[in-house]
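In: predicted model follows, preceded by the sequence.
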Amino acid sequence: MQIFSLENNRLLITGSLKINNAEELVKEASANLLKIPGKNLIIDLSGLRSIDSAGVAAIDQIITNAKEQSLSSKIVNASAEIKASLQTFSSLKISKIICIPTHVFLLAGVFHVKTNSVTEENPYFC
C-alpha cells in the first residue's frame, strides 16, 4: 500500500510510517526526486498518524537524497507527536527544517521579515 503522493514539489506522507514500510517509501520517493520542479522539496506530514524510529530514518534518508539532487527540504504540517519523534530520533538537525505556517505567526501578532520567505511557493517561516 502506497503511503505517499508526490505532486509538483510536495511529498505528502499519510498513514503510519514504520519499519514495515519505511524502506519502500525511501526507494519510491527518492526515485521521483528528479521529477520535482524547482529547488525545494516540501515534505507534508499532515496525513501522517504515527511514526517510529525507522520512519524517522526514512525521512532523514529522503532529505539526504534530495540534498544530493540539489534540493532543499522543508517539513510542514507535522503534529506535535510527530515533531517530537522527529526531534528525538533524527540524525539530522531536523529542528531547522520543520516549518510553521505563516498564518500562525500572523495570528500571534509576530512579524518577521525574511527575504523571499512568504510567497505562494513557500508560505512558511523556517
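Out: It's in.

In: in the chain, what helix or strand scores lowest on average pLDDT?
Out: strand 124-125 (a mean of 41; mean pLDDT, DSSP states H and E).

In: ok, then the element right after the longest helix along the chain?
Out: Taking DSSP state H as the assignment, the helix of the chain that covers the most residues is helix 53-68. Next helix or strand after helix 53-68 toward the C-terminus (DSSP states H and E): strand 72-76.

In: which non-adjacent residue is nearest Ala29?
Out: Ile62 (5.3 Å; CB to CB, 6 or more residues apart in numbering). All C-beta spots, glycine's among them, are computed from the backbone N, C-alpha and C.

In: residue contacts, that neighbour?
Out: Residues in contact with Ile62 (CB atoms under 8 Å, 6 or more residues apart in numbering) are Leu11, Leu25, Val26, Ala29, Ser30, Leu41, Ile43, Ser73.

In: just the pLDDT for it.
Out: pLDDT recorded at Ile62 is 96.

In: ok, now Val56?
Out: 96.

In: now Ser50
Out: 96.

In: tell me how many other residues crowd it.
Out: 13 (other CB atoms under 10 Å).

In: and the strand or helix carrying it, how far out from the chain's middle?
Out: Here Ser50, judged by DSSP H and E, is contained in strand 40-51. Strand 40-51 sits 5 Å away from the centroid of its parent chain (CA atoms, centre = their mean, to the nearest Å).

In: could you do stretch 14-30 as well?
Out: For stretch 14-30, the distance to the chain centre is 13 Å (CA atoms, centre = their mean).

In: hmm, back to that, quick one, the strand holding Ser50 and helix 53-68 angle?
Out: Using axes from the mean of the first three to the mean of the last three CA atoms, to 10 degrees, the inter-axis angle of strand 40-51 relative to helix 53-68 is 180 degrees.

In: now the angle between strand 72-76 and strand 40-51, please.
Out: Angle of strand 40-51 versus strand 72-76, following the same axes, to 10 degrees, is 40 degrees.
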